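In: Sequence and computational prediction follow.
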Amino acid sequence: MESTFVIDVFRPEFCNDVINLIVGIQRDEFGVAISAEDQPDLAAIPEIYQKGAGNFWLSLVDGNVTGTVALMDIGNLEGALRKMFVAPKARGKDVGVAQQLLETLLNWAREHSLQRIYLGTTDAFRAAHRFYEKNGFEQVSPDDLPTAFPRMSQDTRYYRLKL
């Protein structure tokens, strides 16, 4: 069982830990052929995510990164949910890391007057699909995505939440 976690805003000293968590889950757990170099946004979190109505949050246990979520401001009062990853040992309803990360993002989005949140994911992340749907996200076709939505080549499934 995890120790108590805290949600905090990303700071540059956590950059390597964030990269290791995200790439590790993508590659080792889900077999997605992707590297840190394929995701240059991870080396530029303040410039990419922490501007406009966007931000990037971490869950921390004893100072160690156990989860991430990002909100990218894509204009037109819309945001893109990106980089939601939770370490295997920090997953599950009983721990609540993913739910707290999402609630932090949604509260921030509402406080910054966003009206819609979009996200892309892969078919492999089935538990993520259930999680997003449980939280009110509706699946949409790629044609329904705003032109400013940042598409990733690995994404095959898309969701929208109206705030």
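Out: Thanks, I have the structure now.
In: Just name whatever secondary elements the lowest-mean-pLDDT helix or strand in the chain is in contact with.
Out: In the chain, the helix or strand scored least confidently by mean pLDDT, DSSP states H and E is helix 126-134, which has a mean of 94. If you count contacts as 3 or more CB pairs under 8 Å, 6 or more residues apart in numbering; DSSP states H and E, helix 126-134 packs onto strand 116-121, strand 157-162. (Each C-beta comes from the backbone N, C-alpha and C, glycine too.)
In: What residues sit buried inside the last one?
Out: For strand 157-162, burial by neighbour count (16 or more other CB atoms under 10 Å) applies to Arg157, Tyr158, Tyr159, Arg160, Leu161.
In: Need these in TSV (columns: pLDDT).
Out: Shown next, in TSV, are the buried residues of strand 157-162 (pLDDT from 0 to 100):
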residue	pLDDT
Arg157	97
Tyr158	98
Tyr159	98
Arg160	98
Leu161	98
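In: on that earlier part again, quick one: the helices and strands packed on helix 126-134 as CSV, columns for distance to Ser59 too.
Out: Formatted as CSV, the helices and strands packed on helix 126-134 follow (distance: least, CB to CB, whole Å):
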stretch, distance to Ser59
strand 116-121, 18
strand 157-162, 20
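In: Ala148 is nearest to which of the ones you listed?
Out: strand 116-121 (9.5 Å; CB to CB).
In: And the strands in the chain?
Out: 6-9, 55-61, 64-75, 78-86, 116-121, 138-140, 157-162 (DSSP state E).
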